[in-house]
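>>> Provided below are the primary sequence and the corresponding predicted coordinates.
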Number of protein chains: 2
Amino acid sequence: MKKALRRSTGAPAARAASATLIIAGGRGTRFWPESRAGRPKPLFAIDGKTSLLAGTIARMRGLIPPARIFVVVSADQRRPFRKALRGILPAGNLIVEPDGRGTAVAIAYGAAKIAERLGGETALAVMPADHHVAPADGFRATIAEAFDLARAHDALVVVGVAPTGAETGYGYQQIGPAVGNGYKVARFVEKPAPAAARRMVKSGRYLWNAGIFVMRARVLEAELRRHAPALAAAMERFGAIGARSLPAFYRSLDFDSFDRVVVEKSRNVIGVRARFRWFDVGSWQGLWDALRADTTANVLSGNAIALGSSGVLARAGERLMVLIGVSDLVAVDAGDAILIARMSASQEIRRVTEELSRRGLNKYL
Amino acid sequence: MKKALRRSTGAPAARAASATLIIAGGRGTRFWPESRAGRPKPLFAIDGKTSLLAGTIARMRGLIPPARIFVVVSADQRRPFRKALRGILPAGNLIVEPDGRGTAVAIAYGAAKIAERLGGETALAVMPADHHVAPADGFRATIAEAFDLARAHDALVVVGVAPTGAETGYGYQQIGPAVGNGYKVARFVEKPAPAAARRMVKSGRYLWNAGIFVMRARVLEAELRRHAPALAAAMERFGAIGARSLPAFYRSLDFDSFDRVVVEKSRNVIGVRARFRWFDVGSWQGLWDALRADTTANVLSGNAIALGSSGVLARAGERLMVLIGVSDLVAVDAGDAILIARMSASQEIRRVTEELSRRGLNKYL
């Protein structure tokens, strides 16, 4: 691990031709009240301090400088992101889509904007901002390896995580023949049934798909030309089209996710093994499962005190939050709104946003 | 009931010689975080709107005018009470003890101050401010009857409440021979053992002691002279002593509660049956027991929403509080502090204040 890290972070030539594109769209109502329309999930601070997005940027430090880290968001979420990125990234590195049209369009648009500035040979590490990743040096070593593989093989490189459970909400990669330090991805399986998930994990031949893609901008364009020619054509037009015409043009784009449109179809996909722990921060219960030491532990942040309590995820802010004699509970103080939920009911959080909507309490949505 | 009410409230002569003395001392940490050092229990608003004290004053309307309603508090709690009583009572009707020295001293001091202004023939209704009472017209009818009995018999009149359960935290009165509309109190039993409480309630010959005393000021003085001559002497001195000497004199007074010092010893006690529902607001669980419709009900106030929840007492403020899938829980947002407790753990609330004290978080105490 140390060898890979040293080799990659130490090579100025490799760094000069690399950039990061962080896809920061999506609403994430599952973390209500902390994430909602005006507070997107990438701005959610798991530890109560550093947002997932700021953590993602900080993790790249030493591998990719802030000047070459870009964040793509949709126009309706521009404001909170602009504010959150102040002092962290150059203002011009926030790429604003006129509309959210899925990850294939977001990546094509972001890559076009980056290629305009840095050229088509630039290798891009495309990643979401709402995953939990640690440790940071293992992450950098993995991405450096992915950059090397992407350049050496003109390939689309994905990252595979050794599964720690038979998760049914994740995508899986089947490990094929070795390619350098990596492996050919034989196939992708998206959100399997429980039995299939158990079989795959047990076989040892499948990894979780971390949703990270590394490739040269011109390789992306070539893949799009092959599997989604209309999107490749759009990508070429993005530079020429005027600001006034862009929104209508953008709304006319109708593509599925990048996984569906490109990755699952491409014959040129190489996997690299993650040298980090990873999980998709999907629900309050998922967060607690990931952070807790054991089932009786409490996970507290902010100004929280728990007495005679167990199995509690408590996220206090400045205000004091005292829990006494409770268990199996998530409690979140998000300033203007407080959530108190049975841990397993935190999966039903959509009921809350539906109820708020029904009552016309839109300011909390 | 109507007859008694009409007779009493309609008699100007009776009203002119009557006053109310509300004893508003005590800290009441059992309602943390809503009641604490700087927010005494009488200022606690059960319904999130009207404080117990304001409710007590409002209940007297039509029987005793605000000009003759007095509130006695200790000096360290003067500030929140002064603020709370603004616009409700004349400023001079807040009687400030230099120090909290128990109810016997508070009543003697308050009665002395009132007698200075209104004379020794004034009949006083002395009552705490932290009890839940309803309906108000039944309360007024009862107090009017107590005034009549106190005057007609030169007696100390107490109020007895038909018990709804074998409470061990309350005091009981044994019903003796009839005296007018009332009864001679044969004896008092304070905080009985569970078996004794059950026996008394079953016998039908005992009532809960509501902690309300009605008597002429000069009868009070006579009773004190008989049972606590040192306090009677102090009561006489209160008028003459200078403001500078009062605190030290006050601190030298060492007496038990008014119940112990006077009521339980007096041979001149008449009881009157309460024409109202009553409970001592003693704990969050007690409050929930009293307010709930049944064990599965939720009692919500403020900006609270409960989904798939039962047996919840939720007191939200301005901030939205959403509960989902929880049961047997009390949740209180008191502005700078939030309490989330299993209902039965709300009896252990002292653990919270001890823990806060241990951590030096005195601003929440």
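Happy to help now that I have it. Numbers count the residues shown, from 1 in each chain, chains lettered A, B, ... in the order given.

>>> what about the longest strand in chain A?
Ordering each strand of chain A by length in residues (DSSP state E) puts strand A:206-216 first.

>>> Run through the residues that contact the closest residue to chain B within the stretch 101-250 of chain A.
For the stretch 101-250 of chain A and chain B, the shortest gap (Cβ to the nearest Cβ) falls at A:G169, measuring 20.2 Å. From N, CA and C alone the C-beta is placed, and that goes for glycine too. By Cβ atoms under 8 Å, 6 or more residues apart in numbering or on different chains, the contact list for A:G169 reads A:191, A:280, A:282.

>>> Are any of those buried, and if so which?
A:280, A:282 (16 or more other Cβ atoms under 10 Å in any protein chain shown).

>>> Lowest-confidence one in the contacts of A:G169?
pLDDT across these is lowest for A:G282, at 77.

>>> For that residue, what is the enclosing helix or strand?
Assigned by DSSP states H and E, A:G282 falls within no helix or strand.

>>> Tell me if I'm right that it and A:R30 touch.
Yes: if you go by Cβ atoms under 8 Å, A:G282 and A:R30 touch, sitting 6.4 Å apart.

>>> chain center to the helix or strand that contains A:E221, what's the gap?
Using DSSP H and E, the element containing A:E221 is helix A:217-227. Mean C-alpha position of helix A:217-227 versus that of the full chain (Cα atoms, centre = their mean, to the nearest Å) differs by 22 Å.

>>> Which strands or helices does it pack on?
Here helix A:217-227 touches helix A:103-118, strand A:123-128, strand A:156-161, helix A:229-238, going by 3 or more Cβ pairs under 8 Å, 6 or more residues apart in numbering or on different chains; DSSP states H and E.

>>> got any ranges where the stretch 101-250 of chain A has weak pLDDT?
Applying pLDDT under 70 to the stretch 101-250 of chain A flags no residue at all.

>>> Get me the contact residues on chain A for chain B.
By the rule Cβ under 8 Å from any Cβ of the partner chain, the part of chain A lying against chain B is A:33, A:305, A:307-308, A:316, A:319-326, A:329, A:331, A:333, A:335-342, A:344-346, A:348-349, A:351-352, A:355-356, A:359, A:361, A:364.

>>> and those, which of them are in helices?
A:351-352, A:355-356 (DSSP state H).

>>> For beta bridges, what are the partners of the residue nearest the centre of chain A?
Against the mean C-alpha coordinate of chain A, by Cα atoms, centre = their mean, the closest residue is A:P128 at 2.1 Å. Note on A:P128: beta-bridge partners by DSSP bridges are A:I23.

>>> In contact with it, which residues?
A:22-24, A:42, A:211-212.

>>> any idea how far chain B is from the residue nearest to A:S346 when sequence neighbours are not counted?
Spatial nearest neighbour of A:S346, excluding adjacent residues (Cβ to Cβ, 6 or more residues apart in numbering or on different chains): A:W284 at 3.6 Å. Using Cβ to the nearest Cβ, to the nearest Å, A:W284 is found at 10 Å from chain B.

>>> Quick one, grab the pLDDT at A:W284.
Reported pLDDT for A:W284: 88.

>>> In this structure it contacts A:V332, no?
Yes: using Cβ under 8 Å, A:W284 is in contact with A:V332, at 7.5 Å.

>>> Number of residues surrounding A:N181?
Per other Cβ atoms under 10 Å in any protein chain shown, the neighbour tally for A:N181 reads 14.

>>> Please identify the helix or strand for the nearest residue to it once chain neighbours are set aside.
Spatial nearest neighbour of A:N181, excluding adjacent residues (Cβ to Cβ, 6+ apart): A:E145 at 5.7 Å. Counting by DSSP H and E, the element that carries A:E145 is helix A:136-153.

>>> Which elements pack onto that helix?
So helix A:136-153, by 3+ Cβ pairs under 8 Å, 6+ apart, packs with helix A:2-9, helix A:12-16, helix A:52-59, strand A:123-128, strand A:156-161, strand A:182-190, strand A:206-216, strand A:269-273.

>>> List only buried entries from the contacts of A:P128.
A:22-24, A:42, A:211-212.

>>> What are the structural domain limits within chain A?
For chain A, the structural domains run A:2-280, A:284-364, going by automatic domain parsing.

>>> okay, these in CSV with distance to B:V219 next?
Shown next, in CSV, are these (distance: least, Cβ to Cβ, whole Å):
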stretch, distance to B:V219
domain A:2-280, 59
domain A:284-364, 46
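
>>> what about those, which gets the closest to B:G62?
Closest to B:G62 of these, according to Cβ to Cβ: domain A:284-364, at 39.2 Å.

>>> how long is the closest one end to end?
18 Å (Cα to Cα, to the nearest Å).

>>> Please state the offset of it from the chain centre?
Here domain A:284-364 is found 23 Å from its chain centre; the criterion is Cα atoms, centre = their mean.

>>> same thing with stretch A:167-182?
18 Å.

>>> Please write out the alpha-carbon positions of that stretch in CSV.
The C-alpha coordinates for stretch A:167-182 follow below in CSV (Å, rounded to 0.1, in the frame of the first residue of the first chain):
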residue,chain,number,x,y,z
GLU,A,167,-26.2,-5.8,1.3
THR,A,168,-29.1,-5.8,-1.2
GLY,A,169,-29.0,-2.0,-1.7
TYR,A,170,-25.6,-2.0,-3.4
GLY,A,171,-24.3,-2.9,-6.8
TYR,A,172,-21.7,-5.7,-7.2
GLN,A,173,-18.8,-6.4,-9.6
GLN,A,174,-17.8,-9.9,-10.6
ILE,A,175,-14.0,-10.2,-10.5
GLY,A,176,-12.6,-11.4,-13.9
PRO,A,177,-9.0,-12.1,-15.0
ALA,A,178,-6.2,-9.9,-13.6
VAL,A,179,-5.1,-6.8,-15.5
GLY,A,180,-2.0,-5.3,-13.9
ASN,A,181,-2.8,-4.6,-10.3
GLY,A,182,-6.5,-4.7,-11.1
